[in-house]
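[1] Here is the input, now give the coordinates:
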Amino acid sequence: MNRSIRLRFVIVSLLSVAAALSLAAFVLVELFTRSIEHRLDQELTDHLNNIAGQIDFAADGTVRIPDRPTDIRFSTPYGGLYWQMTDDRRGTQLRSASLWDYTLALPDDPQETGTVHRYRLVGPDGQALLVQERKIIPKAPDGERPLRLAVAIDSAAASEARQAFFVDIIPYLLALAIFLVAASLAQLTFGLKPLSAIGEGLERIRARQATRLTGPMPAELHPVVEAMNRLLDDQDALIARARARAADLAHGLKTPLTVLANDADTLKERGEVEIGDELAHLAGVMRNHVDRELARARIAATASLRSADADLEQSVAMIVRTLKRTPDGERLTWRVTVPEGLTLGVDPSDLQEMIGNLVENAVKWARSTVEIAATADAGGVTLTVTDDGPGVGQTDLKRMTERGVRLVTKIAGTGIGLSIVSDIAEVYGIDVDIANGETGGLHVTLRFVTAPVAQPG
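    Now for the predicted structure:
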């Protein structure tokens, strides 16, 4: 099932508008039909009164109508308007010329004088007739005489008018439907705009351009925004506590390890070289693990949890300034080509840790030169760290790249630096390639596959 609020709202709006306008069309047509039928009924009443007022009797007592109704439909055979008068006492009947040879089959129900009876009958040529009938008692030469007078009209005109009215209002109903759906979409767009603001705020938080959801929000969304901000605060506090505990644990182990290493040296001085070497080895292995966990505790758990974005040029400059002051760094020639204004979606401390380990390793093995260069294109940023040292044997080089494009193991003498580089690269999806240079030395390439974040201004 589609989970789009907009699509659901559009479907509900279409169904609601269709149902409402269908009901409106039905009601309008019914009202129009009633109005037409009321007019027809009123017309029949007028004709009925008019004919009743013209009733007269001949000298022999025969009922007659001296002045026939002037409406041409009474004179046209099957013209749609009819009258019929029955004298039950004498068994005679008068009819309009429009009935021709047809007799209205009036129901034989009790009649009260002056009361109008209304009903529908089948008329000549199968016409559906609306009928009004009234019992009247005029004065004849031989006394009062009851007469049944009926007037009928073809209801086809009402049906045709009903159909024409329905056809006429369809374009207006369609236009109204389009307007209502468009108004609903506009209302939806305006109503969901605050949700877009929340999405943009979360994206800024993910990009580390903000730490909380801020800005004016509708009152209905305040609980959601507050809950999200509390969740973000709890998450930051949880991460900080986890890092602090990991660091406390690692620091707590470093002092016993130092004591253990000193005890190993003491044993070796006493001549117990074998035991001293074993303890020293174990202390070194444990210290490497502790140092590694200390470094890993400082790395962001995911790219979205970074504290901020990093400026590549500033990070490289800071590392180079520091290493130039070391004894190994002072003797080297540095070639640094990093453009300004390249901001990467990497935590600054993680980027410095990563580049620092690579440059420190290059300084350790370089004979005379360390080169750092960065280039940017539409696909991202590429950073290379190159030294002119002895390079790495093919066997060790294969071990270093055995997990494909990512650095996974360390070579002898590098400590845990390259493992930390691998951990950081895995968090941020950075491609790491390690190879021997064409003229010797190690050539390390970092490929930040996401496009760089442009600095404002």
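
[2] can I get the CA coordinates of stretch 431-451 in CSV?
    Coordinates of each C-alpha in stretch 431-451 appear next as CSV, following Å, rounded to 0.1, in the frame of the first residue of the first chain:
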residue,chain,number,x,y,z
ASP,A,431,38.0,4.5,-0.9
VAL,A,432,41.6,3.8,0.2
ASP,A,433,44.2,2.6,-2.3
ILE,A,434,47.8,1.7,-1.3
ALA,A,435,50.4,1.1,-3.9
ASN,A,436,54.1,1.5,-4.4
GLY,A,437,55.1,4.6,-6.4
GLU,A,438,56.7,4.4,-9.8
THR,A,439,60.0,5.6,-8.4
GLY,A,440,59.7,3.9,-5.1
GLY,A,441,58.0,4.8,-1.8
LEU,A,442,54.4,4.3,-0.8
HIS,A,443,51.6,6.0,-2.7
VAL,A,444,48.3,6.2,-0.7
THR,A,445,45.2,7.6,-2.3
LEU,A,446,42.0,8.6,-0.5
ARG,A,447,38.9,9.0,-2.6
PHE,A,448,36.0,10.9,-1.0
VAL,A,449,33.4,9.6,-3.3
THR,A,450,30.7,12.1,-2.3
ALA,A,451,30.8,15.5,-3.8
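
[3] now it, how far from the centre of its chain.
    Stretch 431-451 sits 43 Å away from the centroid of its parent chain (C-alpha atoms, centre = their mean, to the nearest Å).

[4] do the same with stretch 166-184
    The chain centroid and the centroid of stretch 166-184 are separated by 26 Å under C-alpha atoms, centre = their mean.

[5] domains of this protein?
    54-154, 230-298, 307-454 (automatic domain parsing).

[6] So which of those domains is the most surrounded?
    Scoring the domains of the chain by mean neighbour count under mean count of other C-beta atoms under 10 Å gives domain 307-454 as the most buried, with a mean of 18. For glycine as for every other residue, the C-beta is placed from the backbone atoms N, C-alpha and C.

[7] So Thr337 sits against Leu383, correct?
    No. Using C-beta atoms under 8 Å, Thr337 makes no contact with Leu383, being 10.4 Å away.

[8] residues bridging contact with those two, i.e. touching both?
    The contact sets of Thr337 and Leu383 overlap at 372-374 (C-beta atoms under 8 Å, 6 or more residues apart in numbering).

[9] Which of those residues fall within strands?
    Assigned to strands by DSSP state E, the following of the shared contacts of Thr337 and Leu383 qualify: 372-374.

[10] In CSV: the domains of the chain, plus mean pLDDT and distance to Arg212.
    Shown next, in CSV, are the domains of the chain (pLDDT from 0 to 100; distance: least, C-beta to C-beta, whole Å):
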stretch, mean pLDDT, distance to Arg212
domain 54-154, 85, 75
domain 230-298, 74, 6
domain 307-454, 79, 14
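
[11] Please produce JSON lines containing those domains, extended by distance to Leu180.
    Conversion of the domains of the chain to JSON lines gives the following (distance: least, C-beta to C-beta, whole Å):
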{"stretch": "domain 54-154", "distance to Leu180": "37"}
{"stretch": "domain 230-298", "distance to Leu180": "39"}
{"stretch": "domain 307-454", "distance to Leu180": "44"}
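
[12] Since that was my last question, I'll sign off now.
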